[in-house]
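J.: predicted model, plus sequence, below.
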Amino acid sequence: FQHFRTQRAQMTRSHAMLWLAVCLSGTWAVDRGNFKTCDQSAFCKRQRALKPGQSPYRALLETLELTNTKLTLQLINDNNKVRLLLELYRLQGNMTRVKINELKPLKPRFEVPDVLINDPPTEPLSLLSQDENGVVLSLGADSQRLIVSAKPFRLDIMEGREVLLSLNSRGLLAKEDEKVEDGMWEETFKSHTDSKPNGPSSISLDFSLPGVENVYGIPEHADSLKLKTTDGGDPYRLFNLDVFQYEVFNPMALYGAIPVMLSHSAQRTMGIFWLNAAETWVDISSNTAGKTVFGQMLDYVQGSSETPQTDVRWISESGIIDVFIMLGPTPTDVFSQYASLTGTQAFPPLSALAYHQCRWNYNDQEDVAAVDQGFDDHDIPYDFIWLDIEHTDGKRYFTWDPHKFPQPKDMLQGLLDKRRKMVTIVDPHIKVDSSYKIHNEIRSKGFYVKSKDGGDYEGWCWPGNSGYPDFTNPEMRAWWASMFAYDQYEGSMENMYTWNDMNEPSVFNGPEVTMHKDALHGNWENRDLHNLYGFYVQRATAEGLIERSGGVERPFVLARAFFAGSQRYGAVWTGDNAAEWDHLKISIPMCLSLGLVGVSFCGADVGGFFKSPSTELLVRWYQTGAYQPFFRAHAHLDTPRREPWLFGPENTALIREAVRQRYALLPYWYQLFYHAHHSGQPVMRPLWVEYPQDTATFSMDDQFLLGEDLLVHPVTEEGARGLTAYLPGKGEVWFDVHTFQKHNGAQNLYIPVTISSIPVFQRGGSIIPRKARVRRSSSCMEHDPYTLFVALSPKRFAQGELYIDDGHTFNFDKHKQFIHRRLFFANNALSSRNLAPGSQFTTFSWIEKIVILGASKPSKATLKTPDGKESLLEFDFDASMSVLTLRKPGVNAGVDWTVVLQ
């Protein structure tokens with residue numbers, strides 16, 4: 001590793017040996033040999049060898065106990081007489097929880113803590129009937145029943161005569177016990193041996209979904225939105241890993257894992273939440289997959305009535321079976337159900353929704369000042385500049401390089417004077433160095449993860465030899481949070497925020513570039529809770545940023561690894577992508593998948609992290625990123641500089657326009673995040689979420705909706721001259737936001753495009769607020785006036801909202817300091833009314849302009865205010881486009897008003 005030490009400044013984000021191999025071979029692609037297939041993961045291989053058939057498990061009905069909160073029942077494996085305990089809960093909000101654990105475990109099994117926001121409230125189950133074959137329970141609403149069959153054991157959830165979902169219908173419930181076979185007590189992968197001191201402990205369960213052909217979710221994978229069947233290939237893998245140069249369109253594990261799958265058909269949307277933090281594999285099969293159109297036609301002609309069905313099987317290395325079945329029935333219901341379990345997206349500071357400029361690395365304070373000035377010189381707004389690992393003193397986090405960044409507060413003050421901010425990286429691996437305060441404190445407090453023999457676990461990462469703090473320990477998290485205090489993190493100020501990278505955790509010389517599974521977090525192995533590590537890192541950091549402000553300021557933390565519940569602590573991104581067109585395309589389904597399972601604050605490195613984009617790809621990536629939730633440009637150390645003005649004036653102008661479109665729309669973005677925070681609805685969503693019965697939308701992932709009112713189809717094909725966008729909604733209309741051209745819904749629309757085109761449409765029936773004035777940052781726009789874009793439906797109706805608060809504190813929540821108004825147009829009048837009578841907030845912003853699309857020309861336009869005053873408004877009418885523009889109503893954005901068109 002001597003060569004690695006001296007060269008680490010140029011080292012790519014991955015395994016040292018991998019780096020050498022890449023340099024020698026000159027290729028840039030994932031080394032698949034570093035990561036396990038199912039066949040190389042002993043428990044996955046063993047479980048997958050178990051084929052569907054008769055289950056050995058039988059329900060012992062005489063052990064049934066029914067209380068107000070749950071049903072318990074023992075299951076017995078007739079082959080080996082091992083007993084399991086089944087617990088069934090009917091949860092509030094149309095959900096069912098199923099837990100299966102050993103009745104008398106030799107050693108306790110890990111149950112995931114801290115992910116659920118509370119103990120989910122239950123509702124009583126009532127027994128409808130019972131005989132020797134099983135029991136029937138009522139789930140309350142809508143004639144829903146839960147049927148427990150005794151031999152073989154299976155569960156069915158029914159509504160009326162329809163089976164919604166079955167468990168163990170294919171007999172794949174399995175729990176390994178201590179038989180000694182290859183890979184059970186010890187397993188070797190490459191040069192690494194996993195000691196498995198507790199022996200085999202894997203679990204498995206199958207689910208059948210009649211009537212379902214479309215399943216989604218279980219991120220993170222660089223794959224299509226609609227999940228593919230896994231027959232004949234590897235299952236989808238959930239195991240947080242630092243995957244260097246990942247490939248697109250495959251089921252390999254990536255940086256994060258959210259074990260939540262959604263099923264959707266024209267009749268119903270449901271969800272399965274498999275609460276397990278161990279390495280997990282998910283198999284998907286379908287009876288309709290692979291049928292040709294001819295085969296489907298033949299079925300139709302022959303009157304074949306095979307109902308489509310999707311079968312899903314979850315396999316985890318350890319832990320218990322703890323599964324939440326969210327019964328919908330609508331997409332919105334499923335989002336609410338999941339949010340009630342794991343919480344909603346943290347409401348970010350408004351500035352975090354603006355544009356972020358990053359690279360590995362800005363070299364020094366002068367470089368930061370020059371890049372900052374470059375944005376002003378080229379009239380491009382930005383809010384955050386980022387510093388990667390080179391800003392520290394020798395990769396010691398919470399420090400600054402004394403030569404390159406000698407006066408960090410002066411640098412931060414310079415940004416603050418322009419109302420801009422900074423993010424610095426703080427990774428969760430700590431340099432083992434007795435002169436480094438952070439290391440000494442963690443070691444003396446015993447807060448490091450331990451190796452299997454009880455010493456501090458050490459591995460190789462950016463600083464060289466590193467220790468890994470045990471973030472599963474609440475005392476460690478509290479200490480870590482305290483390190484963000486202004487008097488602890490020297491040089492930090494209130495406009496500095498945090499980036500947690502490498503939190504899978506990444507261990508360059510570890511198995512699969514991560515931590516050994518037999519490393520210890522207190523009493524538990526990393527095997528049991530691996531996928532939780534990144535969640536805890538982001539949580540501790542976010543809590544630190546809140547605490548340093550005395551609980552006043554909202555934090556902003558970006559993390560690479562995540563789990564269910566991570567949405568409560570900040571943003572995520574899709575990791576180390578590449579400057580390739582396929583990586584631009586895949587950013588859309590990757591973020592859509594995350595949004596479906598609670599994580600709305602998602603983005604991809606604009607321009608691609610590895611390699612250098614062509615100018616066309618860079619421009620198209622800015623145009624796409626401007627319409628994705630987290631908007632950050634980032635690049636690898638070895639790539640040429642790519643600030644937006646380095647590609648000639650034409651490209652600078654194109655990038656400037658894309659960034660400005662983002663800033664104009666910030667009021668709408670902010671409102672969408674407010675709703676995501678309150679109700680768990682995704683910000684960026686697939687079309688089927690709003691058009692659940694339109695089968696044409698079910699597998700679409702090259703276009704998306706922002707909220708329900710903006711449809712975006714970015715240009716992601718090289719050299720594109722045109723594209724076809726699908727505009728949903730029979731009887732609806734959509735307006736091109738750039739030209740105001742009106743188009744009918746329920747059609748495929750061919751759109752000619754040039755390099756400046758970003759196809760975006762506003763739904764007829766909506767009102768969207770924008771801010772049109774160009775400033776250097778979002779904070780500079782705080783008091784700017786609004787322009788309202790009113791897109792009329794064919795029935796000449798429209799509605800929307802306006803949400804305003806201070807943009808950065810928790811006062812919206814703690815002191816009800818916000819403005820939330822309903823805007824609606826009906827009967828030729830546009831009104832603003834208060835949606836939150838108990839709230840208190842004042843704004844200096846006013847309504848500068850109202851643009852009504854699909855309008856007819858009035859004879860006059862009158863503004864009426866609460867004080868009884870009426871005034872005539874100036875207006876322009878474009879008859880060719882049916883666009884009415886009302887100038888300067890001049891009314892405060894926070895009060896009641898009405899504009900009447902005569």
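T.: Good, I have the coordinates. Residues are numbered from 1 along each chain as shown.

J.: can you list the domains in the chain?
T.: Split into domains by the TED database, the chain comes to 49-180+197-341, 785-901.

J.: out of those, the one nearest residue 418 is which?
T.: Set against residue 418 and scored by CB to CB, the domains of the chain come closest in domain 785-901, at 16.2 Å. Backbone N, C-alpha and C define where each C-beta goes, glycine included.

J.: and the closest one, average pLDDT?
T.: The average pLDDT for domain 785-901 rounds to 98.

J.: pull up the distance across that domain, start to finish.
T.: 22 Å (CA to CA, to the nearest Å).

J.: now it, how far from the chain's geometric center?
T.: Centre-to-centre, domain 785-901 and its host chain are 32 Å apart (CA atoms, centre = their mean, to the nearest Å).

J.: stretch 70-77 now?
T.: Relative to the centre of its chain, stretch 70-77 is centred 36 Å away, using CA atoms, centre = their mean.

J.: which residues touch it?
T.: 56-61, 63-65, 82-89, 100, 103, 122, 125, 137, 148, 153 (CB atoms under 8 Å, 6 or more residues apart in numbering).

J.: drop anything exposed from those residues.
T.: 56-59, 61, 64, 82, 84-89, 100, 122, 125, 137, 148, 153 (16 or more other CB atoms under 10 Å).

J.: re earlier: so which of the contacts of stretch 70-77 are in strands?
T.: Assignment to strands by DSSP state E places the following of those there: 57-61, 63-65, 83-89, 100, 122, 137, 148.

J.: which strand or helix spans residue 237?
T.: With elements taken from DSSP states H and E, the one containing residue 237 is strand 236-238.

J.: my bad, should have said residue 312
T.: Here residue 312 sits within strand 309-316, counting by DSSP H and E.

J.: which strands border that strand, and is each parallel or antiparallel?
T.: Using DSSP bridges, the strands paired with strand 309-316 are strand 203-210 (antiparallel), strand 280-286 (antiparallel).

J.: and residue 371, which of the ones you listed is closest to it?
T.: Minimum separation from residue 371 across these (CB to CB) falls at strand 280-286, 41.7 Å.

J.: neighbouring contacts of that closest one?
T.: Outside strand 280-286, the residues that touch it by CB under 8 Å, 6+ apart are 38, 41, 44, 47-48, 213, 215, 218, 227-231, 234-239, 257, 259, 261, 274, 308-317, 531.

J.: do that again at 6 Å, thanks
T.: With CB atoms under 6 Å, 6 or more residues apart in numbering as the contact definition, strand 280-286 has outside contacts at 38, 44, 218, 227, 229-231, 235-238, 259, 310-316.

J.: most tightly packed of the domains of the chain?
T.: Highest mean neighbour count among these (mean count of other CB atoms under 10 Å): domain 49-180+197-341, with a mean of 19.

J.: may I have the distance across that one, first residue to last?
T.: Start-to-end span of domain 49-180+197-341 (CA to CA) is 34 Å.

J.: likewise for stretch 72-81?
T.: End-to-end span of stretch 72-81 (CA to CA): 19 Å.

J.: how about stretch 50-66?
T.: Note: stretch 50-66 ends 33 Å apart using CA to CA.

J.: give me the distance from that stretch to the chain's centre.
T.: Centroid separation between stretch 50-66 and its chain, computed with CA atoms, centre = their mean, is 37 Å.

J.: residue boundaries of the strands in the stretch 701-850 of the chain?
T.: With DSSP state E, counting those that start in this stretch, the ranges of strands along the stretch 701-850 of the chain come out as 704-706, 710-712, 722-727, 733-736, 742-744, 747-752, 760-763, 766-770, 786-791, 798-804, 819-826, 829-834, 847-853.

J.: partner strands of whatever helix or strand comes next after the last one, with direction?
T.: Looking back up the chat, that one is strand 847-853. As assigned by DSSP H and E, the chain's next helix or strand after strand 847-853 is strand 861-864. Strand 861-864 has the following strand partners under DSSP bridges: strand 870-872 (antiparallel), strand 897-901 (antiparallel).

J.: can you give the contact residues for the shortest one?
T.: Residues external to strand 870-872 that are found in contact with it (CB under 6 Å, 6+ apart): 860, 862-864.

J.: run the last query once more with 7 Å
T.: By CB atoms under 7 Å, 6 or more residues apart in numbering, the list of residues contacting strand 870-872 from outside reads 860-864.

J.: quick one, helices of the stretch 451-600 of the chain?
T.: Taking DSSP state H, counting those that start in this stretch as the criterion, the stretch 451-600 of the chain contains helices spanning 474-482, 526-529, 533-548, 581-596.

J.: now do the first one, average pLDDT.
T.: Pointing back at helix 474-482 there. For helix 474-482, mean pLDDT is 99.

J.: and it, what's buried?
T.: Neighbour counts over helix 474-482 (16+ other CB under 10 Å) mark 476-477, 479-481 as buried.

J.: and the third one, by the same measure?
T.: Applying a neighbour-count criterion of 16+ other CB under 10 Å, one finds 533-546, 548 buried in helix 533-548.

J.: sorry, back to before: CSV for the strands of the stretch 701-850 of the chain, including distance to residue 409?
T.: Formatted as CSV, the strands of the stretch 701-850 of the chain follow (distance: least, CB to CB, whole Å):
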stretch, distance to residue 409
strand 704-706, 38
strand 710-712, 40
strand 722-727, 49
strand 733-736, 47
strand 742-744, 53
strand 747-752, 50
strand 760-763, 41
strand 766-770, 36
strand 786-791, 36
strand 798-804, 32
strand 819-826, 35
strand 829-834, 42
strand 847-853, 38
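
J.: for the ones you listed, which one sits closest to residue 494?
T.: Closest of the strands of the stretch 701-850 of the chain to residue 494 is strand 798-804, at 21.8 Å (criterion: CB to CB).

J.: strand partners (parallel or antiparallel) of the closest one?
T.: Here strand 798-804 is paired, per DSSP bridges, with strand 766-770 (parallel), strand 819-826 (antiparallel).

J.: pLDDT below threshold where in the stretch 301-450 of the chain?
T.: By pLDDT under 70, the low-scoring segments of the stretch 301-450 of the chain are 301-305.
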